[in-house]
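Enquirer: Have a look; sequence and predicted model below, questions after that.
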Amino acid sequence: MMHAKEEEEEGDLKMNIEKDKEGDDHVSILALLVVALRKSLIGCSKYSSSSCDPSSMEIGLPSNVRHVAHVTFDRFNGFLGLPVEFEPEVP
């Protein structure tokens, strides 16, 4: 038969084991996050060292722009003011 003190110590031991297991989960999640972060940083550093940097592409401003129509949308009638050439493309 166990004494009250022995039962208490056994309960404390079980709690410590559960805490250790929980701590391992936190550590493994943290380790996974660190690995993922390192991989993403390595992936980013590949582009910075090459001469073909995708972020170096520039998009120019539009040229020869003319405002020829003003299109609005009415929930009962659909698009209003839509040019005839675009009507077949819009359901």
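Expert: Thanks, I have it.

Enquirer: In this structure, where is pLDDT below threshold?
Expert: For the chain, the stretches flagged by pLDDT under 70 are 1-27, 42-55, 91.

Enquirer: where do the helices sit along it?
Expert: Taking DSSP state H, the helices of the chain run over residues 4-49.

Enquirer: can you list contacts of stretch 73-84?
Expert: 68-72, 90 (CB atoms under 8 Å, 6 or more residues apart in numbering). For glycine as for every other residue, the C-beta is placed from the backbone atoms N, C-alpha and C.

Enquirer: do that again at 6 Å, thanks
Expert: Residues from elsewhere that reach stretch 73-84 (CB atoms under 6 Å, 6 or more residues apart in numbering): 69-72, 90.

Enquirer: distance of residue 30 from residue 40?
Expert: From residue 30 across to residue 40, the span is 16 Å (CB to CB, to the nearest Å).

Enquirer: try residue 75
Expert: Counting by CB to CB - residue 75 and residue 40 are separated by 44 Å.

Enquirer: the more surrounded of these two?
Expert: residue 40 (10 against 5; other CB atoms under 10 Å).

Enquirer: I'd like the distance between the more buried one and residue 57.
Expert: 22 Å.

Enquirer: Tabulate the contacts of stretch 73-84 (CSV), appending neighbour count and distance to residue 82.
Expert: Converted to CSV, these look like this (neighbours: other CB atoms under 10 Å; distance: CB to CB, whole Å):
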residue, neighbour count, distance to residue 82
69, 9, 7
70, 8, 10
71, 11, 5
72, 9, 9
90, 9, 6
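
Enquirer: can I get these in CSV with distance to residue 62?
Expert: Formatted as CSV, the contacts of stretch 73-84 follow (distance: CB to CB, whole Å):
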residue, distance to residue 62
69, 16
70, 18
71, 18
72, 22
90, 22
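
Enquirer: now, which of the residues you listed lie within strands?
Expert: residue 72 (DSSP state E).

Enquirer: Which of the contacts of stretch 73-84 sits closest to residue 34?
Expert: Set against residue 34, the nearest of these by CB to CB is residue 90 (50.1 Å).
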